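Engineer: sequence first, predicted coordinates after that:
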2 protein chains.
Amino acid sequence: MQALDDLVGLLTRLPGIGRKSALRVAYYLLKTDTSFSEALAERIRGLKASISFCSICGAYTESDPCPICSASTRERSLICAVEQPQDVVTIEASREYRGLYHVLGGLISPIDGVGPEDLRIRELVARSSGGEVVEVVVATNPTVEGDTTALYLKRLLEPTGVTVTRLATGIPVGGDLEYADRLTLARSFRGRTKL
Amino acid sequence: MQALDDLVGLLTRLPGIGRKSALRVAYYLLKTDTSFSEALAERIRGLKASISFCSICGAYTESDPCPICSASTRERSLICAVEQPQDVVTIEASREYRGLYHVLGGLISPIDGVGPEDLRIRELVARSSGGEVVEVVVATNPTVEGDTTALYLKRLLEPTGVTVTRLATGIPVGGDLEYADRLTLARSFRGRTKL
C-alpha cells in the first residue's frame, strides 16, 4: 500500500524510530480517530512557523526576546553557554539554574570543518563585555569538541575579566563505579570535592 | 513553548513513543527542512483517506476488493483467519502463505465484553461454506483470547466439512530453551514433531 509505505518511509527518518516502530505508528493512525491525525498533522506543519530563535540568546522561543532574556527575575550576571537550543530546555527542566543563556549553535570541530567563526561566539563575547556579566558557565558536553570549545571560550573571555566555569564531570547520581568508563572515573578523581 | 508542548503531547499518544522520544522528534522537526514537516503532515492527514478495508477479507487496502482477494494466483481453497488488518501485512512479509485471508476484527473476550457476534465470524462461515474452501488456518495469537477464538471457530466450522488448523506454538527460531517460558515449553512438547 503506497500511502502506508510513504508514511513509514518518512517516519523512519525521525530520530529513534525504526521500521517496526514506524509501522506501529502508521497502524495506530489507521485505527484511531481522523481528528487525531488532523490535529497531529496540523501541529507538525505549524511547529516551525510558531517557534523561532531568540535574537539575544539564540534559544527556541515563541516571542522575541525569549521569556528568559526578558525576565526581570533572572540573574543577569550569569550566562550559561550551550551547544544547541534544546539544551536550554533541558537545563531549565532541572530548575537549578537562574541565570541567562547563550546558544553557540554547535561546537568547534576541525574534522567537521566547524571553526569558532561558524558559532555565535562573537555575540557571546559582546554580551559578556558589557560589565554586567560576572561568570560564563560553559555547559558543552564532556566530549573532545565540547572540551575544545570550552577551552577556546576560556581563553577568549578571561581577558575581559569574566570568570569562565564548566559543568562538573563525574559519576552520574545513582550510577555505579563498576559501570563508569575509565575517562569518567579519571575526571571524577580530578574533580573530587571536599566533604 | 505552547506549540512544542502541544506537539509533544500528541506524539506521546502514539504507541512506543514516550516523552523523551517525542521531544527528540519535535527538535528534529524544528531543525530540518520545512518541506519534510509538510510532507509528513500531508501523509499523516491523507493516510486514512487512501486506505480502507477490503469488503471481502477485511484487510487494509487501497482498492476494493484487495489485491489478494482479486489475485488469480492465490490458493482459493485456503483461508487464514487473523485478528486484525495488520496481521495480513505481517504474514505476507513472511512469503510463506499463498492462500486468502479473513480479518476477524478482534478476539472473543468475555471480560472485555467481546462476543462472537462482535467479530466478522458470520462472514467467515459464509465464505467457508461455498464448497471451494478446504482449510481455515487460524492465526490468532497464542493467548487466552486467541485460544478461545480458535476453539470457537473450530466448533463452528468443522460441521461444514472444512479442516480447521492453527499456527504452531513453540520455541522461536534462534531462541533458547533457557529463556522459553513454562507455557511455551509445555506447548512445544505437546506439539513436538517427528524428525
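Structural biologist: Alright, I've got the coordinates.
Engineer: contact partners of the lowest-mean-pLDDT helix or strand in chain A?
Structural biologist: Least confident helix or strand of chain A, by mean pLDDT, DSSP states H and E, is helix A:182-190 with a mean of 82. Helix A:182-190 is contacted from outside by A:142, A:169-171, A:177, A:180, using C-beta atoms under 8 Å, 6 or more residues apart in numbering or on different chains. In this view, the C-beta of every residue, glycine as well, is placed from N, C-alpha and C.
Engineer: I'd like those residues laid out as CSV, including pLDDT and secondary structure.
Structural biologist: Formatted as CSV, these follow (pLDDT from 0 to 100; DSSP: H, G, I helix; E, B strand; the rest coil):
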residue, pLDDT, secondary structure
A:Pro142, 88, coil
A:Thr169, 85, coil
A:Gly170, 85, coil
A:Ile171, 82, coil
A:Leu177, 78, helix
A:Ala180, 79, coil
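Engineer: which of the residues you listed tops the neighbour count?
Structural biologist: Ranked by neighbour count (other C-beta atoms under 10 Å in any protein chain shown), these have A:Gly170 at the top, with 18 neighbours.
Engineer: excluding chain neighbours, give the residue nearest to that one in space.
Structural biologist: A:Ser188 (3.6 Å; C-beta to C-beta, 6 or more residues apart in numbering or on different chains).
Engineer: just to revisit the earlier point, determine which two of the contacts of helix A:182-190 are furthest apart.
Structural biologist: Spatial extent of these (C-beta to C-beta) is set by the pair A:Pro142 and A:Leu177 at 17.6 Å.
Engineer: just want the most central residue of chain A.
Structural biologist: A:Asp87 (2.1 Å; C-alpha atoms, centre = their mean).
Engineer: please, which helix or strand holds that residue?
Structural biologist: Assigned by DSSP states H and E, A:Asp87 belongs to helix A:85-93.
Engineer: partners of whatever helix or strand comes next after that helix, with directions?
Structural biologist: Moving toward the C-terminus from helix A:85-93, the next helix or strand (DSSP H and E) is strand A:99-103. As defined by DSSP bridges, the strand partners of strand A:99-103 come to strand A:75-82 (parallel).
Engineer: please save the CA atoms from the partner strand in PDB.
Structural biologist: Provided in PDB are the C-alpha atoms of strand A:75-82 (Å, rounded to 0.1, in the frame of the first residue of the first chain):
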ATOM      1  CA  GLU A  75      20.300  36.500  37.500                       C
ATOM      2  CA  ARG A  76      21.800  38.800  34.700                       C
ATOM      3  CA  SER A  77      25.400  38.400  35.900                       C
ATOM      4  CA  LEU A  78      25.400  34.800  34.800                       C
ATOM      5  CA  ILE A  79      25.400  33.400  31.300                       C
ATOM      6  CA  CYS A  80      25.300  29.700  30.500                       C
ATOM      7  CA  ALA A  81      26.800  28.800  27.100                       C
ATOM      8  CA  VAL A  82      25.200  25.700  25.500                       C
END
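Engineer: buried residues of it, list them for me.
Structural biologist: A:78-82 (16 or more other C-beta atoms under 10 Å in any protein chain shown).
Engineer: mind listing residues that contact it?
Structural biologist: With contacts defined as C-beta under 8 Å, 6+ apart, strand A:75-82 is touched by A:88, A:91, A:97-104, A:124, A:127-128, A:132-140, A:153.
Engineer: closest one to chain B out of the contacts of helix A:182-190, please.
Structural biologist: Set against chain B, the nearest of the contacts of helix A:182-190 by C-beta to the nearest C-beta is A:Pro142 (20.2 Å).
Engineer: over to the closest residue in space to that closest one that isn't next to it in sequence: give its phi and psi.
Structural biologist: Spatial nearest neighbour of A:Pro142, chain neighbours left out: A:Thr169 (4.5 Å); criterion: C-beta to C-beta, 6+ apart. Backbone geometry at A:Thr169, expressed as degrees, to the nearest 10, gives phi -110, psi 140.
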